[in-house]
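Visitor: here is the input, now give the coordinates:
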Amino acid sequence: MVMETWYNVRAQVPLMRVSFPRSCKLSPRIPLVLVIFLLISGVLCASLAQASQPTQTQSVQAHFEAARQAQQRQDYAAAEREYQAVLTVAPEFAEAHMNLGLVYQLQNRNSDAMMQFRRALKLKPALAGANFFLGVDYCKLGEATKAIPFLSAAAKAEPARADTWSWLATALEMSGQFPAEMATLKRALKLHPKNIDLLYLLGQTYERLGKEEVATLQRLAPKSWRAEQLLAESYATSSQWPSAVIHFQNALAVSPQARGLHVELGEVFLRAGKLKPANDEFEAELNMDPHNLRALVRRGEAKLIRGDVDGALQDWANAMAIDPLQAERVLGIRESGFGDSSLEQLPDADRDRLGQLVPVLREQNTPAGNFALAFIAAQNGNASPAAADSGEKPGTPSARCSEAHLHQQLEQGHLSGLAPCALRTLTASPARFRIQVASALVEAGDYDASLKLLAGLPPSERQSPEASYWRARGYEKLATAAYLQLYQADPDSYRLHQLMADLEASREDDARAMEEYRAAIALKPSVPNLHYSLGHLLWKNLKIPEARVELETELSINARHPGALHDLGGTYLLEHQPDKALSYLTRALALAPANPDIHRDLGTAYTQLGQLQKAESEYKIALPSDHDGSIHYKLARVYQSLGRKEDAAREFTLSTGLNRESHEKLERQTQRVAEIEKLTQ
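Guide: This next block holds a predicted model:
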């Protein structure tokens, strides 16, 4: 490689979890300025020896050596002069243009740097370093579409550089090309299967794609049982079991005969230690669908925890007769690579009770008894061989492969090994049946196959509520898989601390989330978005001085972070310093013009400044997001100050109505939660 001194750059690109447009980020390991200095200063002479230009005279070599020495003493002006001297002698030396561009970046002369990178690429289009840095510069400017071809070229030239793929994925994300971002990360992970940054980014991408499907479902069928089911599943994932119960009950009220709802509700009760209501729900599911393997397996689990060994073994024997591989997956005995059930662990007291049953189960010496022993071993973290062997490996095409065969398999509850036959057979089958098979593939852990099957639906069915629901489930499971792989790759990494912090924040456990973010920052203090995430929680908890330190640190890493700008503006609004608030809020709005919360806070800033017409405009833009009447109230006060009594009265009335409705909804929710907790004690 000729003068290609960029290749040690480790520019990690984490994905922000806030709902703002992203911007590319600097290296989380060491500042970009220092990185480039280390790159240029160490390897120029070695690279020069490989140069293919005919103008490599002793004079050129002398100038390069002078440039190297200047960089070692951080005399960038001298280094610039030496590179210009090289280019005077050899104006078509592409690598010299690239290295001059790097020196310009060290001096924060980004436009000059980009000009030199373009000149280098005009002379040598495949020059990986110039492509990389020009793509990064476009990314930092928020021009992701321009960045993509340069980062793509750098990845093609140097596919072994994981960080190039990270920047490319972020550029695709910035430009809204989420499927392409997913494909890029999957391709990169084939080359770097244990790269924690790529795994984290892939999990985030799956989450985002899943949220898009949830939004589609909410738009198409906002009051449907599927919409309630997704809400319930979200609460269940966050360990908020009473709220999960409420939404599962809502879904059942809309569609009492819907398959799968009772067993999911039973699993929520089971994880909460409510064995009697859990068993009732599994019974209800089996009354509708006697071959429901998941309900059989879970009912057996509840029975075993209660000490009903015979009942548990009978259920598990029946489940194994249907599909032993799937039965093992439900309980997490067989590791499928997706870590769905295998991450669920019973409370210590339940595991202790199960441990006392081991001697009894060993005396059974039956497949169901061995299944129970494998389950207990898995719960205690002990590796165990698969409890059963069906003779058919997952993913092996059946000798009989037809639509009729798939119908029969589904009716009998046999889910393992459907994917190859389904993808080969169902190209012209009715959309409803294809969605049914796709749902079975999700249950069986064949998430990619399910998504492929759904992608082949006719356009009229592709965006149906059912298809959106199952795509959302598939993406959620794939995100879980990526995060499990991240854990397996490095359980002590800063990325895992970041992931755990994200999860705790989603559960509203701010104290634990802040602890995890601090642990991640201690390992990688210059990682973009970490300081913002910590600062946001500190601001949420009104720890203003500490929040500002973190938010300002974030802006020193990424000056275009809209979340940090918005939160800083909010801290100054709280202290009635609207002038300071306005400077941050206007910058945030330029980066996220569709964010209603920024418009709301701008309205507050203009109100404090006495600029009431501007405040009115901002509040009006924010009104569609007002769910508790607070923005209508603020607008009413503005109208009151302007002497517009009728307008003020109208807004006060709207505010009162929304506020009453919000409080009544909260009271009903609180009452239902209390009732559920009381009934299940």
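
Visitor: average pLDDT for the strand or helix carrying His531?
Guide: Using DSSP states H and E, His531 sits within helix 530-540. Helix 530-540 comes out with an average pLDDT of 96.

Visitor: tell me what angle the next helix or strand along the chain from it forms with helix 530-540.
Guide: As assigned by DSSP H and E, the chain's next helix or strand after helix 530-540 is helix 544-557. Helix 544-557 runs at 150 degrees relative to helix 530-540, counting by axes from the mean of the first three to the mean of the last three Cα atoms, to 10 degrees.

Visitor: next SSE downstream of helix 544-557?
Guide: Per DSSP H and E, the helix or strand that comes after helix 544-557 is helix 562-574.

Visitor: relative to helix 530-540, how tilted is that next one?
Guide: Using the same axes, to 10 degrees: helix 562-574 against helix 530-540 is 30 degrees.

Visitor: counting by contacts, list what helix 562-574 packs against.
Guide: Helices and strands touching helix 562-574, by 3 or more Cβ pairs under 8 Å, 6 or more residues apart in numbering; DSSP states H and E, are helix 530-540, helix 544-557, helix 578-591, helix 596-609. Bear in mind the C-beta positions are built from the backbone N, C-alpha and C, glycine included.

Visitor: surely Lys540 meets Ala513?
Guide: No: using Cβ atoms under 8 Å, Lys540 makes no contact with Ala513, being 10.1 Å away.

Visitor: re earlier: winner for burial among the helices and strands packed on helix 562-574?
Guide: Counting by mean count of other Cβ atoms under 10 Å, helix 530-540 has the highest mean neighbour count of the helices and strands packed on helix 562-574, with a mean of 25.

Visitor: now Asn195. Its backbone dihedrals?
Guide: The phi/psi pair for Asn195 (degrees, to the nearest 10) reads phi -70, psi 110.

Visitor: residues near Asp289, how many?
Guide: The criterion is other Cβ atoms under 10 Å. On that basis, Asp289 has 17 neighbouring residues.

Visitor: tell me the confidence at it?
Guide: Note on Asp289: pLDDT of 92.

Visitor: looking at it, it is touching Arg259, isn't it?
Guide: Yes: under the criterion of Cβ under 8 Å, Asp289 makes contact with Arg259 at 5.8 Å.

Visitor: which residues do the two both contact?
Guide: Shared contacts of Asp289 and Arg259, defined by Cβ atoms under 8 Å, 6 or more residues apart in numbering, are absent.

Visitor: gap between Leu231 and Ser506?
Guide: 14 Å (Cβ to Cβ, to the nearest Å).

Visitor: so what pLDDT did the one residue sitting closest to the centre of the chain get?
Guide: Nearest to the mean C-alpha position of the chain, counting by Cα atoms, centre = their mean, stands Gln204 at 2.1 Å. As predicted, Gln204 sits at a pLDDT of 92.

Visitor: tell me which element it falls in.
Guide: Using DSSP H and E, Gln204 falls within helix 196-220.

Visitor: which helices and strands sit right next to that helix?
Guide: Helix 196-220 packs on helix 162-174, helix 178-191, helix 225-237, helix 465-489, helix 494-506, going by 3+ Cβ pairs under 8 Å, 6+ apart.

Visitor: now do 6 Å
Guide: helix 178-191, helix 225-237, helix 465-489 (3 or more Cβ pairs under 6 Å, 6 or more residues apart in numbering; DSSP states H and E).

Visitor: mean confidence score for the shortest one?
Guide: What it means is helix 225-237. Here the average pLDDT along helix 225-237 is 91.

Visitor: run the chain-centre distance for the helix or strand hosting Gln69.
Guide: Using DSSP H and E, Gln69 falls within helix 58-72. Its chain's C-alpha centre and that of helix 58-72 lie 46 Å apart, by Cα atoms, centre = their mean, to the nearest Å.

Visitor: and it, what's buried?
Guide: For helix 58-72, a neighbour-count test (16 or more other Cβ atoms under 10 Å) marks 60, 63-64, 66-68, 70-71 as buried.

Visitor: before we move on, what about stretch 266-284?
Guide: By 16+ other Cβ under 10 Å, the buried positions in stretch 266-284 come out as 266-272, 274-275, 277-282, 284.

Visitor: just checking, what packs against the lengthiest helix in the chain?
Guide: Across the chain, the longest stretch assigned as helix under DSSP state H is helix 645-679. Packed against helix 645-679 by the contact rule (3+ Cβ pairs under 6 Å, 6+ apart) you find helix 241-254, helix 630-641.

Visitor: got the CA positions of the shortest one in CSV?
Guide: Output for helix 630-641, consisting of C-alpha atoms alone and laid out as CSV, is shown next (Å, rounded to 0.1, in the frame of the first residue of the first chain):
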residue,chain,number,x,y,z
SER,A,630,-49.8,20.9,29.3
ILE,A,631,-49.0,22.5,25.9
HIS,A,632,-52.6,23.8,25.5
TYR,A,633,-52.2,25.4,28.9
LYS,A,634,-48.9,27.1,27.9
LEU,A,635,-50.6,28.4,24.7
ALA,A,636,-53.6,29.6,26.7
ARG,A,637,-51.2,31.7,28.9
VAL,A,638,-49.6,33.2,25.8
TYR,A,639,-53.0,34.2,24.5
GLN,A,640,-53.9,35.6,27.9
SER,A,641,-50.8,37.8,27.8
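
Visitor: could you check the angle helix 645-679 makes with it?
Guide: Helix 630-641 and helix 645-679 meet at an angle of 160 degrees, taking the same axes, to 10 degrees as the criterion.

Visitor: tilt between helix 630-641 and helix 596-609?
Guide: Orientation of helix 630-641 against helix 596-609 (the same axes, to 10 degrees) gives an angle of 30 degrees.

Visitor: same question for the first one.
Guide: Angular relation of helix 241-254 and helix 596-609 on a 0 to 180 degree scale: 120 degrees, by the same axes, to 10 degrees.

Visitor: for Trp539, see how far away Thr366 is.
Guide: 59 Å.

Visitor: please report the distance of Gln61 from Lys524.
Guide: For Gln61, the distance to Lys524 - Cβ to Cβ - is 39 Å.

Visitor: swap in Gly657?
Guide: 49 Å.

Visitor: quick one, which of the two is more surrounded?
Guide: A direct count of neighbours by other Cβ under 10 Å for Gly657 and Lys524 places Lys524 higher, at 19 against 12.

Visitor: and the pLDDT for the more buried one?
Guide: 92.

Visitor: residues touching the closest residue in space to it that isn't next to it in sequence, list them.
Guide: Of all residues not flanking Lys524 in the chain, Tyr494 sits nearest, at 4.3 Å (Cβ to Cβ, 6 or more residues apart in numbering). The contact partners of Tyr494, taken as Cβ atoms under 6 Å, 6 or more residues apart in numbering, are 520, 523-524.

Visitor: tell me, how many residues neighbour the closest residue to Arg600 other than its chain neighbours?
Guide: Nearest residue to Arg600, sequence neighbours excluded (Cβ to Cβ, 6+ apart): Ala622, at 4.0 Å. Per other Cβ under 10 Å, the neighbour tally for Ala622 reads 23.

Visitor: next, Ala622: secondary structure please.
Guide: In three-state terms, and counting by DSSP: H, G, I helix; E, B strand; the rest coil, Ala622 is helix.

Visitor: now the helix or strand containing Leu406: average pLDDT?
Guide: In this assignment (DSSP H and E), Leu406 forms part of helix 403-411. Mean pLDDT, helix 403-411: 85.

Visitor: so Leu231 and Ser506 - more neighbours on which side?
Guide: Leu231 (19 against 13).
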